[in-house]
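[1] Quick one, what's the 3D model for this:
(one chain, ligands or ions: 1)
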Amino acid sequence: MTGTVPDLKEQAKKKAAVAAVDEHVKDGMILGVGSGSTIVYAVERLVERVEQEKLKVVCIPTSFQAHQLIVQNKLLLGSLDTTPILDCAIDGADEVDSDLTLIKGGGGCQTQEKIVASCARKLVIVADYTKDSKTLGEQYKKIPIEIIPLSHVPVSLKISDRFGGKTQLRMGKMKAGPVVSDNGNFIIDWFFPEGITDWKSVHEYIKLIPGVVETGLFVNMAEMAYFGLSDGSVKTVTK
Ligand SMILES: O=C[C@H](O)[C@H](O)[C@H](O)COP(=O)(O)O
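    Prediction:
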């Protein structure tokens with residue numbers, strides 16, 4: 001059986017990504033391109049459709065990774081400077097609750113992802129079945145928070161004093177020292193305690209702590225989520 005579970009998960013990511021690109025991408029649109037492993041499948045499908053249907057789609061990246069995917073696949077690269085209003089953004093998530101509140105930033109990209117999503121008429125999430133939860137924390141136990149480097153100790157203290165739980169400065173795997181985001185900042189992972197329900201207030205409180213750049217909580221932003229399931233089907237949830 002070893003090896004079949006990861007394959008199922010990859011298939012589920014791909015199914016969700018293909019379904020979302022097929023339903024939401026239209027000729028002439030400005031599209032936000034998210035970050036992470038699921039979005040790679042969305043870009044693959046986008047490339048197929050652009051080639052087959054001769055679509056003109058301007059792509060706005062949400063990270064260095066997304067920028068590279070767009071450039072390497074010879075898609076049309078745009079920016080928020082020239083196109084600050086997007087028709088749609090397609091992105092992954094680390095966990096999605098039944099209200100479509102999201103945890104994002106497992107790859108440290110939540111700040112640019114949130115900026116791009118905030119400029120889009122709709123945010124569509126693509127994910128596999130392991131991300132589909134009733135409440136946040138069922139599967140993913142932490143909120144990634146991007147911070148200005150010198151603030152990591154006071155920000156961590158303020159979060160754990162107010163809400164409990166435990167914070168951890170994200171450390172590099174190949175790099176000595178902390179992970180540095182695409183914006184030159186650090187990431188704190190906050191392992192939150194059980195029982196939190198008002199994620200909007202949590203986000204607002206943390207966001208106002210000096211030094212915090214952005215949280216990985218996306219509240220009232222996603223309009224629709226596509227989850228690839230283990231049986232090969234796709235579940236959609238609409239706000
Ligand atoms: O920082 C990373 C992003 O928020 C990703 O969209 C998120 O971590 C989901 O990534 P994946 O599709 O690899 O699970």
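[2] who are the neighbours in contact with residue 25?
    Residue 25 makes contacts with 31, 46, 49, 55, 57, 88, 90, as judged by C-beta atoms under 8 Å, 6 or more residues apart in numbering. In short, each C-beta sits where N, CA and C put it, glycine included.
[3] worst-scoring helix or strand of the protein, pLDDT-wise?
    Within the chain, no helix or strand scores below helix 4-24, which has a mean of 92 by mean pLDDT, DSSP states H and E.
[4] Would stretch 226-239 count as contacting the ligand?
    No. Against the ligand, stretch 226-239 shows no contacts by C-beta under 6 Å from any ligand atom, the least distance being 11.0 Å.
[5] which non-adjacent residue is nearest residue 229?
    Distances taken as C-beta to C-beta, 6 or more residues apart in numbering place residue 129 nearest to residue 229, at 5.0 Å, with adjacent residues excluded.
[6] Any idea how many residues pack against that neighbour?
    Close neighbours of residue 129, defined as other C-beta atoms under 10 Å, add up to 19.
[7] quick one, phi/psi of the residue of the chain found nearest the ligand?
    Across the chain, the shortest distance to the ligand (C-beta to the nearest ligand atom) belongs to residue 36, at 2.5 Å. Per-residue torsions, residue 36: phi 110, psi -170 (degrees, to the nearest 10).
[8] about what we covered before: pairing partners for whatever helix or strand comes next after the least confident helix or strand of the chain, with directions?
    Next in sequence after helix 4-24, counting helices and strands by DSSP states H and E, comes strand 30-33. Applying DSSP bridges, strand 30-33 is found paired with strand 58-61 (parallel), strand 88-91 (parallel).
[9] Comparing those, which comes out most buried?
    strand 88-91 (a mean of 28; mean count of other C-beta atoms under 10 Å).
[10] Contact residues of this protein facing the ligand?
    So far as C-beta under 6 Å from any ligand atom goes, the chain lies against the ligand at 34-38, 91-94, 104-110, 113.
[11] Quick check on those residues: which are buried?
    Among those, those classed as buried by neighbour count (16 or more other C-beta atoms under 10 Å) are 34-36, 38, 91-94, 104-110, 113.
[12] Which of those residues fall in strands?
    residue 91 (DSSP state E).
[13] what ranges of this protein fall below the confidence cut-off?
    Low-confidence segments of the chain (pLDDT under 70): 1-6.
[14] what about the strands in it?
    30-33, 58-61, 76-77, 88-91, 95-96, 102-103, 123-128, 142-147, 166-169, 186-191, 212-215, 217-218, 222-228, 234-238.
[15] Other residues contacting the longest one?
    It refers to strand 222-228. 11-17, 19-20, 93, 96, 100, 102, 117, 122-129, 131-132, 234-239.
[16] thinking again about what came up before, if I look at the residue nearest to residue 229, how far off is residue 98?
    Here residue 129 is placed at a distance of 14 Å from residue 98 (C-beta to C-beta, to the nearest Å).
[17] likewise residue 143?
    Relative to residue 98, residue 143 is positioned 18 Å away (C-beta to C-beta).
[18] So which of the two has more stuff around it?
    Using other C-beta under 10 Å as the criterion, residue 143 and residue 98 rank with residue 143 on top: 30 against 11.
[19] quick one on the thing from earlier: out of the contacts of strand 222-228, which end up buried?
    If you count burial by 16+ other C-beta under 10 Å, the buried members of those come out as 11-17, 19-20, 93, 96, 100, 102, 117, 122-129, 131-132, 234, 237.
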